[in-house]
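A.B. asks: Quick one: sequence and predicted model below, then my questions.
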Amino acid sequence: MHRTYFKSHSRKGKKEKTERQRVIKANDDLFRTIIHYRDKVCQKTGKVTNLQVAHYYSRKNLRTRWDLDNACILNGGVHSYWAHTNYEQFREFWIKRIGKDRFEMLRIRAKYVAPVKLKDLYHTYYWLKQITENLETYFNKGV
């Protein structure tokens, strides 16, 4: 059923991606769209150029990789310099952004160690897909 969304397209000389890699990529694409729609500008400077999705907890952590509280839009220079060199200031910014309670819950979710199964990645995909299909409703009504 869901595998049709993630058909493999082998390219000459390129190793074929696994189904897991294809679903992760699809989730990343949907999540990027959602965060850009939600934030629109750099959340630190208000700039509108060279915008990137920045994560508080690393993208390596699949438990928080697509967590709306774990990402925001930053200008590329701000992202690479400020977010990755001044950790305490970045932490304070994040707490101010989402509040102490949500930050603490994010921290707990990030520390939860368990394998992320392919079915979990598909559930995330369908959740992200639903949000992208209803972006205006989702963010304007505070769902």
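C.D. replies: Thanks, I have it. Numbers count the residues shown, from 1 in each chain.
A.B. asks: Low-confidence stretches in the protein?
C.D. replies: By pLDDT under 70, the weakly predicted segments of the chain are 1-13, 141-143.
A.B. asks: ok now do the residue nearest in space to the middle of it, which residues does it touch?
C.D. replies: Closest residue to the average C-alpha location of the chain: residue 66 at 3.8 Å, with Cα atoms, centre = their mean. Residues near residue 66 by Cβ atoms under 8 Å, 6 or more residues apart in numbering: 27-28, 31, 124, 128. Where you see a C-beta, it was placed from the backbone N, CA and C, and this is true even at glycine.
A.B. asks: Return the backbone torsion pair for it.
C.D. replies: phi -110, psi 30 (degrees, to the nearest 10).
A.B. asks: ok, residue 40 - contacts?
C.D. replies: 48, 73.
A.B. asks: now residue 73: how far from residue 137?
C.D. replies: Residue 73 is 20 Å from residue 137, where distance means Cβ to Cβ, to the nearest Å.
A.B. asks: For these two, indicate the residue with more neighbours.
C.D. replies: Set residue 73 next to residue 137 and count neighbours by other Cβ atoms under 10 Å: residue 73 wins out with 23 against 10.
A.B. asks: Tally up the residues packed near residue 88, please.
C.D. replies: Using other Cβ under 10 Å, residue 88 is surrounded by 7 other residues.
A.B. asks: ok now the helix or strand hosting it, how far from the chain's centre?
C.D. replies: Residue 88 is part of helix 87-98 when elements are defined by DSSP states H and E. Distance of helix 87-98 from the chain centroid (Cα atoms, centre = their mean, to the nearest Å) equals 17 Å.
A.B. asks: out of the contacts of residue 66, what pair is the most spread apart?
C.D. replies: 28 and 124 (10.5 Å; Cβ to Cβ).
A.B. asks: Which one of those two is surrounded by more residues?
C.D. replies: Taking neighbours as other Cβ under 10 Å, residue 28 and residue 124 compare with residue 124 leading, 21 against 15.
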